[in-house]
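# Got a predicted structure here, sequence first:
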Amino acid sequence: MSKVKILLVGAVGDNFEVLSKKLESLNASKAGPFDVCFCVGPISVPSDLTTSLPLPVYLQDYSAPNTTQQPKESSLQSIVSLGNNLFCLQASEESKSVPSFEIELSNHVEPLVVVSCPRHIRADNDVKEPEQCDLMLSSDWPQGMEDVLQVETEPLSFDVAQVALQCRPRYHVTPSSQYYHASPPYNIPNSSHVCRFLSLGPVIQEKPSKTTKFVHAIGLVPVKANPPPTTAASTLPCPFLSSPEPITKKKVPSYATSGSNGANAYSRFNVNNNKRSRGHGGDDDDDNNPGSLEPPDDPSISTLFLYGLHKDVTGELQSTESSKVLMAFSKFGATKVRHPPNSRTSTYCFLEFPDQKKALACLLDCQGKMTIDNVDLTLKWAVQNNRKRQRHDPKQHYVTQAEAPDSTTLYFHPPKKEDGDTYSEDGAFAKGLCTYIQKTLEDALNEGNDDDDRVTAETEPALKVEVRTKDHYGFLEFASHAAATMTLAAVTNSTDGGLVLAEPSGAPKPDASLVGTILRWAKGEPKQSGRNQVLEALGLQREYYPADSRTDCWFCLASPTCETHLIIGVYNEWYATMPKGPVHPGHVLLVPVTHTNKGAWVGDTREWSELVNKLQTHAQQSYDMDLLIFERAMETKGGYHTHIQCVPIPRDCVTRLKATMMAHSKACGFELRSIESDLGITAMISSKDSYFYAEIVTQSHRHRFLYKHDPDASTSVVPLQFAREVLASVLKNPKLAHWKSCVLEKEKESELASDLRSSFAPMTA
């Protein structure tokens, strides 16, 4: 028994000449000659084709563009000759049998048995099971193969999968929209051979890579020659059946769950008693049966599933570019028609409505059926079967305290209202829950204390509870794991969490709207209660210094404790001074003469902007360095006097400085944003804003960064020494992280200030 040498080719499209040259090259190579070639996917055959191809070529998806190219009937069943060794496999649209062909080969006694599926084939379960075939050719992927290859960009067909189960091919070949795919061998029931799935990329003029391969060669002995059964070292179960028994639901592709309704997916697989069906659910009588006109329990579901578009012989309804479906359903309030992605045609689509009431009204008016252009269509709820999640684990698992030993976060979900309505997303429920939880902690800490001695979250940060919400659930952030544990024990009577009780033994009675709220542990990063871990990420250690005894403003010139020996120059509204504990000998502070706590960008920027430009020039000429400018316009414990810091930095550290500054901001709990637009900072900041601004000035660029603090949000305040910590990490000098570790003797300070005064004076003359 000799093997038939076969070439398989993906969608040729308009590249017929490329195909012709490729076949000539392969047939003349050491691997050739080949017996036959099969092409899957669309192909355009030149009308003036005169050169005969080097081997017989059979087309699976050929449609003549005009009457002059209509194929002439040959004597071989529905195998139609196009001339020049070119044939197309035509299946009658009226035939209900599996479209099987016997391909006679000149050098072999037994023919190849080939099944060629036309587009939008409809499988008939009642037909007699056909004989096993060597090859199966189809335009669409069999539904179920997307799970094997983890690909969700190709058109899928239930009917193609059904035909594959009936004809049991040894190779199943389809075109791919872009990449080459090959499955591991898999079993098909009642087959003596394993099957392999191949999806070939489109024919291109460029040399294809391994991932875009469009030609594949195989060799096999025809099934008509009764070859011995083929096996493989490792085979997969049939991808078109979930399991031998019982058959369970298949995975829902991601595109069926995309869109405005998220997980409101249509379950495309449902098999009972080892049979597969096109519909949604099985034989259950529950309210969530998608075949029912009753709305699903989840009021957020507002999507309907429309099936049967392939029945339109004109092809317009199944075209993803057609607007006919939306026009037909717009009178019912439909706002969008959603098709599978990357597909020109589809047998089904999803109809999205603004809310469930309008979707229900449409379904009831149509009674689950709709006729468009004399084509009968089926309309159902597009909902995910409510047992899909349970097939892996019938009991949902909640995180316990033992599994989250360092967590400071609790997950909450509001109780379901009796009328089925959902809680509003204005944050009122979340704020009410947060207030109740915080009061519970305060009561526990103040048990036995007089009201005059009551400790609250305003005075004790350890009692502070913050809330963040997402859709219809949220999270409570605590200062410590112990506080979160105490809360669960008090309001649910369990340290593992549960439902908020109506009359908890260790907490005040909650509002009726809070009773039944799910409160559980959330795994995640433990909240940084201190800054040790943050500084460790920079290679720094936290240092502790005694508190300052001065109570007057450090920067007011009239203050008796003002360090006047550090002043570089006094100008109209601003003065320049070297700071205590400078990072660099050229480190300068720009301070307004008049005391103000408004940010520098809020007032008149002309004078200090001019001074900054001169300091940049000074850094370049005196130190051959770039300049870092930053301002932390936020109130401090002892009061805030506006000031801008300007620090010369090495030219080769700009990239590291930007990356470290962005990373350190996230670690500290706030998000520093890079400003890419040309918009001025004054347009981004109001007089009421607290902010941190940084700018890296090089010879050719200005890199700007801004963070505006929202006191009502859960973001953190910028640490007082944030910029110095970044510089200490980048310059690999931990001492620079705090100004107090860099303080010099007054004599040395005077010397450095005098040198800086002398070198900077010419810039301001």
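The structure has been received and is ready for your questions.
# quick one, helices of the stretch 251-400 of the chain?
324-329, 356-366 (DSSP state H, counting those that start in this stretch).
# right, and those - which one's nearest T577?
With Cβ to Cβ, the closest approach to T577 among these belongs to helix 356-366: 66.0 Å. Heads up, the C-betas are built off the backbone N, CA and C, glycines and all.
# Give me the average confidence score over that closest one.
Regarding helix 356-366, the rounded mean pLDDT is 88.
# And it, what's buried?
Neighbour-count burial for helix 356-366 flags Q356, A359, L360, C362, L363, C366 (criterion: 16 or more other Cβ atoms under 10 Å).
# okay, the residues you listed in a markdown table with distance to T605 next?
Formatted as a markdown table, these follow (distance: Cβ to Cβ, whole Å):
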| residue | distance to T605 |
| --- | --- |
| Q356 | 54 |
| A359 | 55 |
| L360 | 59 |
| C362 | 59 |
| L363 | 62 |
| C366 | 65 |
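# which one of those sits closest to L535?
Of these, the one sitting nearest to L535 (Cβ to Cβ) turns out to be Q356, at 51.6 Å.
# how near is that closest one to S300?
According to Cβ to Cβ, to the nearest Å, Q356 stands 7 Å off from S300.
# now do I79
53 Å.
# the more surrounded of the two?
I79 (20 against 16; other Cβ atoms under 10 Å).
# Please tell me I have it right and that one contacts L86.
No: taking contacts as Cβ atoms under 8 Å, I79 lies outside contact range of L86: 11.2 Å.
# And stretch 130-146, what's buried?
Buried residues in stretch 130-146 (16+ other Cβ under 10 Å): 130, 132-146.
# end-to-end on stretch 345-363?
24 Å (Cα to Cα, to the nearest Å).
# Please state the offset of that stretch from the chain centre?
Offset of stretch 345-363 from its chain centre (Cα atoms, centre = their mean, to the nearest Å): 25 Å.
# The strand or helix carrying Q645 pairs with which strands, parallel or anti?
Element membership of Q645 [criterion: DSSP states H and E] is strand 644-649. Strand 644-649 has the following strand partners under DSSP bridges: strand 588-592 (antiparallel), strand 626-633 (antiparallel).
# wait, which of those is closest to L165?
Here strand 626-633 is closest among these (Cβ to Cβ), at 68.0 Å.
# pLDDT on that closest one, on average?
For strand 626-633, the mean per-residue pLDDT is 95.
# helices and strands of this structure: which one has the lowest mean pLDDT?
strand 270-272 (a mean of 34; mean pLDDT, DSSP states H and E).
# For the strands paired with strand 644-649, give me TSV that also has mean neighbour count.
Converted to TSV, the strands paired with strand 644-649 look like this (neighbours: other Cβ atoms under 10 Å):
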stretch	mean neighbour count
strand 588-592	23
strand 626-633	23
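# And these: which comes nearest P46?
P46 lies closest, by Cβ to Cβ, to one member of the strands paired with strand 644-649: strand 626-633, at 63.6 Å.
# Show me the strands in the stretch 301-450 of the chain, by range?
For the stretch 301-450 of the chain, applying DSSP state E, counting those that start in this stretch gives strands covering 303-307, 336-338, 348-352, 369-372, 375-381, 409-413.
# what's the angle from the fifth one to strand 348-352?
With axes from the mean of the first three to the mean of the last three Cα atoms, to 10 degrees defining the directions, strand 375-381 sits at 50 degrees from strand 348-352.
# Spatially nearest residue to A359, not counting backbone neighbours?
Nearest-residue entry for A359: F353, 4.0 Å, with adjacent residues in sequence omitted and distances by Cβ to Cβ, 6 or more residues apart in numbering.
# thought the one you found was touching V337?
No: using Cβ under 8 Å, F353 is not in contact with V337, being 11.2 Å away.
# out of the two, which sits in the busier spot?
The neighbour comparison of F353 against V337 (other Cβ under 10 Å) goes to F353, with 24 against 20.
# Can you tell me how far the more buried one is from A334?
Using Cβ to Cβ, we find F353 at a distance of 6 Å from A334.
# Give me the common contacts of those two.
Shared contacts of F353 and A334 (Cβ atoms under 8 Å, 6 or more residues apart in numbering): C362.
# Near T561, how many other residues are there?
T561: 12 neighbours (other Cβ under 10 Å).
# so it sits in a strand?
No: T561 is assigned coil when assessed by DSSP: H, G, I helix; E, B strand; the rest coil, not a strand.
# now E751: how far from E745?
Taking Cβ to Cβ, one finds E751 at 9 Å from E745.
# Looking at these two, which is more packed in?
Set E751 next to E745 and count neighbours by other Cβ under 10 Å: E751 wins out with 13 against 8.
# what's the helix or strand for that one?
Secondary structure assigned from DSSP H and E places E751 in helix 746-764.
# Next, the angle from that helix to strand 588-592.
Counting by the same axes, to 10 degrees, helix 746-764 lies at 70 degrees to strand 588-592.
# and helix 746-764, what other elements does it pack with?
Secondary-structure packing of helix 746-764 (3 or more Cβ pairs under 8 Å, 6 or more residues apart in numbering; DSSP states H and E): strand 567-570, helix 606-623.
# So which residues make contact with that helix?
With contact meaning Cβ under 8 Å, 6+ apart, helix 746-764 is reached by 563, 565-569, 571, 576-578, 580, 582, 585-586, 588, 611, 614-615, 617-618, 622, 744.
# For that helix, output the C-alpha coordinates as CSV.
These are the backbone C-alpha positions of helix 746-764, laid out as CSV (Å, rounded to 0.1, in the frame of the first residue of the first chain):
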residue,chain,number,x,y,z
LYS,A,746,27.3,76.3,59.8
GLU,A,747,30.8,77.2,58.7
LYS,A,748,30.7,74.7,55.8
GLU,A,749,27.2,75.9,54.9
SER,A,750,28.3,79.5,54.8
GLU,A,751,31.3,78.5,52.5
LEU,A,752,29.1,76.6,50.1
ALA,A,753,26.5,79.3,50.0
SER,A,754,29.1,81.9,49.3
ASP,A,755,30.5,79.9,46.4
LEU,A,756,27.0,79.4,45.0
ARG,A,757,26.2,83.1,45.4
SER,A,758,29.3,84.1,43.5
SER,A,759,28.7,81.7,40.6
PHE,A,760,25.0,82.5,40.3
ALA,A,761,25.2,86.3,40.6
PRO,A,762,26.3,86.8,37.0
MET,A,763,23.2,85.0,35.8
THR,A,764,20.9,87.5,37.6
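# Let's test this: mean pLDDT of it, rounded?
Mean pLDDT, helix 746-764: 92.
# ok so, going back, the strands paired with strand 644-649: which one's closest to S192?
Nearest of the strands paired with strand 644-649 to S192, taken as Cβ to Cβ: strand 626-633 at 74.8 Å.
# so that closest one versus helix 606-623, what angle?
140 degrees.
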